[in-house]
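Engineer: return a 3D structure for these sequence lines:
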Amino acid sequence: MESALMSEDPFKLSLGNFIANESDDPLQAPPSFTNWVRASAWAAELYEPEMLATADARTTIRYDGKPLSVINLCSYNYLGLANHPEVIASAHEALKTHGLGACGAPVLSGMTNLHRELERRVAKFLGREDAMLFNSGFGGALGTVSGLLRKSDVAILDNRSHLSLRDGAILSRCRTEKFEHNDPNSLDTALNRQKGRRQLVIVEGLYSMDGDFGNLKELIAVTDAHGASVFVDEAHSMLACGKNGRGAAEHFGVEDRVRLVYGTFSKAFGALGGFVAGPKDTIEYLRFYAHPYVFSCALPPVVVAGILKALEIGTKQPELRTKLWENADYFHAQLRSLGIDTGTSTTYVIPIVIGERERMYRLCHELRRRGLWVAPVDYPAVPLNRVCFRACVTAKHTRADLDEALNILEDTLVPAALQNA
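Structural biologist: Residues are numbered from 1 along each chain as shown. Predicted coordinates for the structure are as follows:
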């Protein structure tokens, strides 16, 4: 197997090819993987770029060994709160009063008055009885799902669900079912297959790779018809969607039908971490059974203080959401006019589908050289025939930023024959 893989074209291989053991030592990377990384090093250079400034609409990264000014279409800083002066000032103040780290798990010594205040404000913002905080968005989703489910339960997940949700179900050791993305009929079939068990339907408010909304109204209707429960991950939609910023559930008018809501602070809040909000009894239960909460250090107080200010700004300045959506709608319309494939996206998360891996990496280098920073997304994050660049539009992009990005995309991606048509 090793020699066969080593002779393969590196762009015909993916991470799925290197999960089998190739030696007696579990601490040794598979030799074929190491060879693959070296053979495709020019593509791997596009990942983990060093950012030399803030995650603003325009920033500086290190590329080809030198600082490069770029239009930033990679950032989750949807409302521009990561570098908002008031957010930074709040973090500075907390650094003086509370120091750098929490230095303990919440259940023992890591809980501060700032953490409690953020829990109260998140719960109030979402109209829920209680909320709890996680130091990681991924860990929070994993911990919530694994903390809720037991071996005799069934997790029924959209087949585009984030890995944190799938890993949470696996960790709980429950049964798992998948249904076709956003398809109520497929969900109905999956629920019918697992009658007689406790069922949790797991969906997302906004899907991070496809950039489309979860089909919440229809999927929740099917879930309710089966007497099942629903869990909505609002990671990419919280604070950026809905009239008041309460996410996709608010946007679609189904908040009262979602008992437990999960979100993160690493997107529109501009920080890091996650939270879950819902009935007080359920949250109290999770404080003891969500392992990433119980057994890891609490969020740094300096971050919590910044999130508190970000939540205040995000709720009091709805014009930030208005600007975000104006920018997203404009960018979508212009990409469509260029004939660029953006899949099913209708939001500020926009895949630019290339569909062929080697071409994607070659084009990504060209875009970066020209000052446009987009993220290359490869299999298995997306299907092999849908490899793409992911572009994230923010409220802080100016029309000039977007037009310059569109000009670069047109020159790089659109064949000359079409440009001259």
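
Engineer: the chain: strands as residue ranges?
Structural biologist: 58-63, 66-72, 130-134, 154-158, 175-179, 199-204, 229-233, 260-264, 274-278, 349-353, 372-373, 375-377, 388-392 (DSSP state E).

Engineer: lowest-confidence stretch among those strands?
Structural biologist: The minimum mean pLDDT among these belongs to strand 375-377 (a mean of 91).

Engineer: name the helices or strands packed onto that strand?
Structural biologist: Here strand 375-377 touches helix 357-369, strand 388-392, going by 3 or more Cβ pairs under 8 Å, 6 or more residues apart in numbering; DSSP states H and E. In this view, the C-beta of every residue, glycine as well, is placed from N, C-alpha and C.

Engineer: of all these, which lies closest to Lys96?
Structural biologist: strand 388-392 (33.0 Å; Cβ to Cβ).

Engineer: show me the domain layout of this protein.
Structural biologist: 42-72+318-412, 85-316 (automatic domain parsing).

Engineer: between the two ends of the longest one, how far is it?
Structural biologist: Domain 85-316 has an end-to-end distance of 16 Å (Cα to Cα, to the nearest Å).

Engineer: mean neighbour count and distance to Asn35 added to the strands of the chain, as a markdown table?
Structural biologist: Below are the strands of the chain laid out as a markdown table (neighbours: other Cβ atoms under 10 Å; distance: least, Cβ to Cβ, whole Å):
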| stretch | mean neighbour count | distance to Asn35 |
| --- | --- | --- |
| strand 58-63 | 17 | 25 |
| strand 66-72 | 17 | 29 |
| strand 130-134 | 23 | 38 |
| strand 154-158 | 24 | 34 |
| strand 175-179 | 19 | 33 |
| strand 199-204 | 25 | 36 |
| strand 229-233 | 25 | 37 |
| strand 260-264 | 26 | 36 |
| strand 274-278 | 26 | 37 |
| strand 349-353 | 23 | 29 |
| strand 372-373 | 24 | 29 |
| strand 375-377 | 20 | 21 |
| strand 388-392 | 24 | 26 |
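
Engineer: what would these look like in TSV with distance to Ala169?
Structural biologist: Converted to TSV, those look like this (distance: least, Cβ to Cβ, whole Å):
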stretch	distance to Ala169
strand 58-63	36
strand 66-72	34
strand 130-134	17
strand 154-158	4
strand 175-179	5
strand 199-204	7
strand 229-233	10
strand 260-264	14
strand 274-278	16
strand 349-353	24
strand 372-373	34
strand 375-377	23
strand 388-392	25
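
Engineer: can you tell which of the ones you listed is closest to Ala20?
Structural biologist: That would be strand 175-179 among those, by Cβ to Cβ, at 22.6 Å.

Engineer: alpha carbons of the closest one, as PDB, please.
Structural biologist: Taking Å, rounded to 0.1, in the frame of the first residue of the first chain, the C-alpha atoms of strand 175-179 are listed here in PDB:
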ATOM      1  CA  ARG A 175     -26.700   5.600  17.200                       C
ATOM      2  CA  THR A 176     -26.400   8.000  14.300                       C
ATOM      3  CA  GLU A 177     -28.400   8.600  11.200                       C
ATOM      4  CA  LYS A 178     -27.800  11.100   8.400                       C
ATOM      5  CA  PHE A 179     -30.300  12.800   6.100                       C
END
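
Engineer: please enumerate residues in contact with it?
Structural biologist: Residues from elsewhere that reach strand 175-179, judged by Cβ atoms under 8 Å, 6 or more residues apart in numbering: 153-159, 161, 166, 169-170, 186-187, 189-190, 193-194, 197.

Engineer: longest helix in this structure, by residue count?
Structural biologist: Ranked by residue count and defined by DSSP state H, the top helix of the chain is helix 319-337.

Engineer: if you count contacts, what does that one end up packed against?
Structural biologist: Helix 319-337 packs on strand 349-353, helix 399-413, going by 3+ Cβ pairs under 8 Å, 6+ apart.

Engineer: the first one to helix 319-337, inter-axis angle?
Structural biologist: Note on geometry: by axes from the mean of the first three to the mean of the last three Cα atoms, to 10 degrees, strand 349-353 and helix 319-337 are set 20 degrees apart in direction.

Engineer: note down every partner strand of strand 349-353 and its orientation.
Structural biologist: Partners of strand 349-353 in the sheet, by DSSP bridges, are strand 388-392 (antiparallel).

Engineer: how about the CA coordinates for the strand it pairs with, as PDB?
Structural biologist: Coordinates of each C-alpha in strand 388-392 appear next as PDB, following Å, rounded to 0.1, in the frame of the first residue of the first chain:
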ATOM      1  CA  CYS A 388     -13.600  25.800  -3.800                       C
ATOM      2  CA  PHE A 389     -12.500  29.100  -2.400                       C
ATOM      3  CA  ARG A 390     -14.500  30.200   0.600                       C
ATOM      4  CA  ALA A 391     -15.000  34.000   0.600                       C
ATOM      5  CA  CYS A 392     -16.500  35.700   3.700                       C
END
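
Engineer: gap between Gly205 and Ala43?
Structural biologist: 32 Å (Cβ to Cβ, to the nearest Å).

Engineer: and these two? which has more neighbours close in?
Structural biologist: Gly205 (28 against 20; other Cβ atoms under 10 Å).

Engineer: isn't the more buried one right next to Gly242, touching?
Structural biologist: No: when contacts are counted by Cβ atoms under 8 Å, Gly205 is not listed as touching Gly242 (9.3 Å).

Engineer: buried residues in the longest helix of the chain?
Structural biologist: 320-321, 323-325, 327-328, 330-332, 334-335 (16 or more other Cβ atoms under 10 Å).
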